[in-house]
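Undergrad: My questions are about this predicted structure, shown below with the sequence.
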Amino acid sequence: MFGYTGIAVTDPTRQAEIYRALESLKKDELGWKKSVESFVGPNKPSAEEQFLLLQVIEDFLNKRYSSATQQDVLVIRNFLLHYIKGFQDNSSTSHEMFLTNKMAHIFSLVFAMDFPERWSTFFNDLFFNNSITDTNISSFYLKVLLAIDTEVVNRDIQRSKNESERNIKIKDAMREICMNEVAKSWLTIANSSKEESIQCLVLRNIAAYVDWIELDLVANDYVMPFIISKLQDSATSEDATSAVCGLMQKGMPAEKKVGLALTVMTVLRNNGLLTVNDNNDEDEVTRVGSLVNTLGLVLLDVQNKLCASSILEKEQECCVQEMARLAEPAIVVLNNEDPDLSYLCTDYIRGYASFLIKFYPNDTNFIEKVIRTGLQRYVMGDDMTVGGDGEEEVEFQDYRRELRSMLNVIGLRRPEAIVNAIEPWTAEVTAGGSTIPVNKIEALLNVLFHLHEIIPSNMLQNPREGVSQRAARLPIVILEGLVLDGRCPAVHVLYFELACRYERLLVLQAQPVVITHIAAAFLDQRGISIPTGNVRTRIVYLFCRFVKSHKAVLGPLVSEVITRLAPLLAVSPKSEDNQLLSPDDQGYIFEATATLIVFGDLTSEMKSQYVGELATTLAMKFENGLVELNAARARKADEETIQIILQFMANIIGYSSRMSKAFNNAQSMKACNCIEIYLKLVKLFVETLSPENSFLLESTRQFAHRLVVSMEDELMPYMSGIFEKLALVSTDLDSMHHLLIFCHQTVAKYKKAMLTSGVDLGNVLAIAARTSLQEQENNLPAKDDSQRALLYVQRAFVQLLFTVIVSDCTPALNTSPGLLDHVLEAAARLALSSDQTAQKVALSSLAKISLIIPAWSARTLRVALEIPSLSHITPSDAGSTLVVHEVCATLTSLHQSDPDGFARALRELVPNGFSDQLLSALTNLKGKNLDKQVMTIYSSLRNQNAQ
């Protein structure tokens, strides 16, 4: 029908054409019937084309078959019968695996639609009346049953309510009509065929169906021996294990399940199926691990329920004994060197350890074995690369998380057992130095880094006497005694990660020796000068963090440390590939250096001198860069060369910003006599900013942000120039958004002082207002980057307007006629937009301005009354609730400021009944009750209008 060979179907150049033909056939009302006719016709299509035809039929079954006529139902039924008949004459049915699987899915769809109402004899007509023991038919039959399980039973698939109700009816009907015959057929097929694939399919069927069919259909003297026999065959062991696990996980009362569990345990043990040792192969370990884990969890669950009900005490005892017998094979499996196998029993070990700690606290043998084995397995194997990021290494980290979770069950109640196991490991590593294998050192550091996930975290935050003090001492011992010999960069990173993770413990040490020891390691080739690039980047960041945490202790060492850092502070416009540190790395070094200076044991004059030297060097490099940039443009250098220079200049501005992060309230920029230094820098950077050098905009603006944080009124004389240059280059929506954020920051900090700074706040707001309303689509959700940028500008505009109003800067809105009305009208329109974030702030701004300028109260009232009636405001939406809360706050504010005037205005705007309800709510309710009542009033009004 498609007219394509198998090669054409897989040819990428023809796939679009094939896809169009396929979709056209699906849309054709008779397309499915044409597909059936082509499928059953004398001229058999290729296997690939048959697959396409089945997709058309599948589409019909999914979308239209439920309402099909009796004649169409008969066409589908005959199609299935024809397919089965093809197995018997072995001529018209393709046995390609992908076709067989697709056809099994088609059968399952028809079954789900037709059984039992339209086709209660589905299995009899298609399978039981034919030779079910024929290898091809039996294989397909078993695949159909698995497909039916997926379509009707599988709980991992999300289903609609109607589908769930339909599936319940199908399962009930299957139990009543055909499940006995289906269960018998499994054994019939298994006994008649020795093919391993058939045996596996039978076992998969049992595993899939056992959860919801009658227990006796599987747990009997015929099926169970078959399953047990297949456990010992490597080809069928995995599926047989799934069948046993499925049987044990079947839902049933504990008093009934306990007998089944104990019986299965006995049978499995008598057949040697729960025994494992270190020499067993992967299949045997997988079988035992899966069985032990499932049986152990079932026994734990059953024993817990029987204990809670205080019944069957003898059976409870048997459960405890059987759990103890499973402990040894569980430990053997846990000790397997393959993480995929070791992982198999962790759920049971976790549960059984918790059980022992609770009910048998004196039985410590198993607990100690779990800790010892878990920590042994925590060590990465020799076949993996410590610190590597390959698939095996990533999966091993997931395995470690599982081990920590397992050990956490013990650590929360027996932290001393965990500490007892780690202490000798720590002593061995610190004493052994370079003789200890790298993977063993890395494992210990990783355990200590994640120790808060194994034992109670408060032990490491606020250590006291006893176990807590011993636990807190573990990372300190490693930080004091570990030899960083350069064998493995990952170990170096973990060491410094540990230093930053436990910075609080370091501060609590009586002597600061450990901190200075770690700082020394940071400063040489063990740390920030380590040759490995990606590791170095992380260590540089950790060094900056370490310095900021321990600046007081490192204060006396400031001169020595800065001398060591000096070579790393050299900046160059050369390619990053030729430098030891990347620009980001150097930024952290500058921040750390400035922090050491600001908090060092230096006079304010010395601090000013050191910071000044750094700043002067940066300024000189920046000016040199500017000269080089102008020269490059004069000789019309290529764009890449110009970009390198601009990036270098932007980096210098970034370094200056980083240095300013060293100052805080305790050591301010003013107290360190550094104000003039930074004012010279901002003047230099701002003067360089131009449309031609717009690449410097972001770094310059960030530097300005930092100065607003660090300075007080000293920045005011420069504010006008900063704004002028930033506004000149902020020509797109994104840059305007960030300019508005900067303006908001300055107004929020300096408040009324901004009115005399020379910055025309009114003009900034006017431009932002025009931009916010430049497109009519502003009431629609953001669909692309430009609309999203516009949305952010709108939000920044109303946020700035609100800040201007609450900061007593409203005189800035009266600098020109009509400016105030223009800005507030823009806010009013945004209050009626569909962006709830902008709505809330815009309405809040209108409410605030109405208290200052009563003439705007009427417009604010109209806006507030209209918002709850907008289509996107609904009672079920959390965002709508917040918007309506703002509406209520605005109405309450207007009402309280002028009760009589508010009532008159309200009655002029809305019908009397509505106004009375609203006035009553505003008078008598508040908070959430008021919000809810207003939402109810508007919902009622909306329903009336709909009628």
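TA: Good, I have the coordinates.
Undergrad: Next, count neighbours for the residue lying closest to residue 197 once chain neighbours are set aside.
TA: Leaving out its chain neighbours, the residue that sits closest to residue 197 by Cβ to Cβ, 6 or more residues apart in numbering is residue 139, at 6.9 Å. Where you see a C-beta, it was placed from the backbone N, CA and C, and this is true even at glycine. Using other Cβ atoms under 10 Å, residue 139 has 20 other residues around it.
Undergrad: and residue 139, how far is that from residue 128?
TA: 16 Å (Cβ to Cβ, to the nearest Å).
Undergrad: Tell me the spacing between residue 392 and residue 799.
TA: Counting by Cβ to Cβ - residue 392 and residue 799 are separated by 50 Å.
Undergrad: One more: residue 21?
TA: 55 Å.
Undergrad: Give me the more crowded residue out of these two.
TA: Using other Cβ under 10 Å as the criterion, residue 21 and residue 799 rank with residue 799 on top: 21 against 15.
Undergrad: what ranges do the strands span in this protein?
TA: Taking DSSP state E, the chain contains no strands at all.
Undergrad: Count the neighbours of the closest residue in space to residue 672 that isn't next to it in sequence for me.
TA: Closest residue in space to residue 672, ignoring its immediate chain neighbours: residue 607 at 4.4 Å, by Cβ to Cβ, 6+ apart. Residues lying near residue 607 (other Cβ under 10 Å) number 22.
Undergrad: pretty sure residue 607 contacts residue 596?
TA: No. The pair residue 607 / residue 596 is not scored as a contact, 10.2 Å apart, by Cβ atoms under 8 Å.
Undergrad: ok, back up a step: contact partners for the residue nearest to residue 197?
TA: For residue 139, the contact set (Cβ atoms under 8 Å, 6 or more residues apart in numbering) comprises 100, 197-198, 201.
Undergrad: What distance do you get for it to residue 235?
TA: With the distance defined as Cβ to Cβ, residue 139 ends up 16 Å from residue 235.
Undergrad: And for residue 162?
TA: Taken as Cβ to Cβ, the span from residue 162 to residue 235 is 42 Å.
Undergrad: what does residue 335 give?
TA: 27 Å.
Undergrad: Quick check on these two: which one has the bigger neighbour count.
TA: Higher neighbour count among residue 335 and residue 235: residue 335, with 16 against 13, using other Cβ under 10 Å.
Undergrad: Next, the contact list for the closest residue to that one other than its chain neighbours, please.
TA: Using Cβ to Cβ, 6+ apart and skipping residues adjacent in sequence, the residue nearest residue 335 is residue 373, 5.0 Å away. For residue 373, the contact set (Cβ under 8 Å, 6+ apart) comprises 331, 334-335.
Undergrad: Same question for residue 317.
TA: Applying Cβ under 8 Å, 6+ apart, no residues qualify as near residue 317.
Undergrad: Same check on the one 3 residues further on?
TA: Applying Cβ under 8 Å, 6+ apart to residue 320 gives the contacts residue 303.
Undergrad: Against which helices or strands is the longest helix along the chain packed?
TA: Using DSSP state H, we find that the single longest helix of the chain is helix 604-634. Contacts defined by 3 or more Cβ pairs under 8 Å, 6 or more residues apart in numbering; DSSP states H and E place helix 604-634 against helix 583-598, helix 639-660, helix 675-688.
Undergrad: which of the residues in that helix are buried?
TA: Applying a neighbour-count criterion of 16 or more other Cβ atoms under 10 Å, the buried positions in helix 604-634 are 606-608, 610-612, 614-615, 618-619, 621-622, 625-626, 628-629, 632.
Undergrad: Tell me which stretches of the stretch 801-947 of the chain form helices.
TA: In the stretch 801-947 of the chain, the helices defined using DSSP state H, counting those that start in this stretch lie at 819-831, 836-852, 857-866, 878-897, 899-909, 912-924, 927-946.
Undergrad: Out of these, which one sits most buried?
TA: helix 836-852 (a mean of 23; mean count of other Cβ atoms under 10 Å).
Undergrad: quick check: angle from that helix to helix 857-866?
TA: Interaxial angle of helix 836-852 relative to helix 857-866 (axes from the mean of the first three to the mean of the last three Cα atoms, to 10 degrees): 150 degrees.
Undergrad: Tell me how many other residues crowd residue 229.
TA: Neighbours of residue 229 (other Cβ under 10 Å): 14.
Undergrad: Please read the previous query as pertaining to residue 131.
TA: For residue 131, using other Cβ under 10 Å, the count is 13.
Undergrad: Same question for the one 3 residues further on.
TA: Under the neighbour criterion other Cβ under 10 Å, residue 134 is assigned a count of 17.
Undergrad: got a list of what the nearest residue to it once chain neighbours are set aside touches?
TA: In this structure, residue 134 finds its nearest non-sequential neighbour in residue 87, 6.6 Å apart by Cβ to Cβ, 6+ apart. Counting by Cβ under 8 Å, 6+ apart, residue 87 touches 93, 130, 134, 136-137, 140.
Undergrad: Show me the shaky parts of the stretch 501-650 of the chain.
TA: 574-578 (pLDDT under 70).
Undergrad: thinking again about what came up before, of the helices and strands packed on helix 604-634, which is nearest residue 297?
TA: Nearest of these to residue 297, taken as Cβ to Cβ: helix 583-598 at 48.7 Å.
Undergrad: Could you name the helices and strands sitting against that closest one?
TA: Counting by 3+ Cβ pairs under 8 Å, 6+ apart, helix 583-598 packs on helix 533-549, helix 551-554, helix 558-565, helix 604-634, helix 639-660.
Undergrad: If we use 6 Å, what do you get?
TA: helix 533-549, helix 558-565, helix 604-634, helix 639-660 (3 or more Cβ pairs under 6 Å, 6 or more residues apart in numbering; DSSP states H and E).
Undergrad: care to break the chain down by domain?
TA: Domain ranges of the chain: 363-510, 730-831, 836-946, per the TED database.
Undergrad: Next, format the ones you listed as TSV and append distance to residue 45.
TA: Formatted as TSV, the domains of the chain follow (distance: least, Cβ to Cβ, whole Å):
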stretch	distance to residue 45
domain 363-510	41
domain 730-831	44
domain 836-946	51
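Undergrad: Relative to residue 226, which of those is closest?
TA: Between those, domain 363-510 lies closest to residue 226; by Cβ to Cβ that is 34.0 Å.
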